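Enquirer: My questions are about this predicted structure, shown below with the sequence.
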Amino acid sequence: MGKLSLTTFLTLDGVMQAPGGREEDPSGGFDYGGWQVPFGDDGMQEAILDVFTRAGAFLLGRRTYEIFAGYWPQRTDPADPVATALNTLPKYVASTTLEDPAWSGTTVIDGEHLPGEIVRIKDATEGEVQVWGSGTLAQWLLVRDLVDELNLLVHPVFLGAGRRLFPTGGLPTAYEVTASRTTSSGVSVHTYRPAGRASFGTFD
């Protein structure tokens, strides 16, 4: 059985909205799109490639899917491992409104059937079922304890506004760190796996 991993880029204050471009997602009046760009370096590229090499399928929210679908189908270089993975592996989109996706290999799943479909997809997938970005979907999965691994790339910048990754609600959960490194531009790359419910105590 495969596992479901979530990979996302974050600021120090947990913002995940529109890391890659000024106009990527201005919803809610967000005016800081493209905050990730100054931190791109070889270490960042290596970290991203490490995750993509483990992919067996992708599960995306509609907004992230449409951003990807507008870019990656035009990247056909067989030497590009990211383009190859995205263009050839199965893609699943959690959406109640997307009806006719043009990107080859795409299946739309409505929210009512998503929990059962996630189990089925994991059973049928060799490698990871990967969620990239997809803020609303990511929060839905986290609240329901459906994420088997978190890859968080935390950038040394504070924004003070924007959609954040971790939602209010859900059960307090402990995580173990399974990998950690820092790129030359100061991005902290951490991999976490759930380790049961969070515990609490008092210092003497």
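Expert: Looks like it came in fine. Residues are numbered from 1 along each chain as shown.

Enquirer: all helices for the chain, in order.
Expert: Along the chain, the stretches classed as helices by DSSP state H are 42-52, 62-69, 81-88, 114-124, 135-143.

Enquirer: Format the ones you listed as JSON lines; extra columns: distance to residue 161.
Expert: C-beta: built from backbone N, CA, C; applies to glycine. JSON lines is the format used below for those (distance: least, C-beta to C-beta, whole Å):
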{"stretch": "helix 42-52", "distance to residue 161": "23"}
{"stretch": "helix 62-69", "distance to residue 161": "18"}
{"stretch": "helix 81-88", "distance to residue 161": "29"}
{"stretch": "helix 114-124", "distance to residue 161": "29"}
{"stretch": "helix 135-143", "distance to residue 161": "14"}
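
Enquirer: and the ones you listed as TSV, adding distance to residue 197, mean neighbour count and mean pLDDT?
Expert: Below are those laid out as TSV (distance: least, C-beta to C-beta, whole Å; neighbours: other C-beta atoms under 10 Å; pLDDT from 0 to 100):
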stretch	distance to residue 197	mean neighbour count	mean pLDDT
helix 42-52	27	16	95
helix 62-69	30	19	93
helix 81-88	34	17	95
helix 114-124	20	15	92
helix 135-143	14	20	93
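
Enquirer: so who does the nearest residue to residue 62 once chain neighbours are set aside touch?
Expert: The spatial neighbour of residue 62 that comes closest, neighbours along the chain excluded (C-beta to C-beta, 6 or more residues apart in numbering), is residue 95 at 4.2 Å. Counting by C-beta atoms under 8 Å, 6 or more residues apart in numbering, residue 95 makes contact with 61-62, 65, 108-110.

Enquirer: sorry, back to before: and residue 201, which of the helices of the chain is closest to it?
Expert: Closest approach to residue 201 among those (C-beta to C-beta): helix 135-143, 24.3 Å.

Enquirer: Who are the packing partners of that closest one?
Expert: The elements that helix 135-143 packs onto, with contact taken as 3 or more C-beta pairs under 8 Å, 6 or more residues apart in numbering; DSSP states H and E, are strand 4-10, strand 55-61, helix 62-69, strand 128-132.
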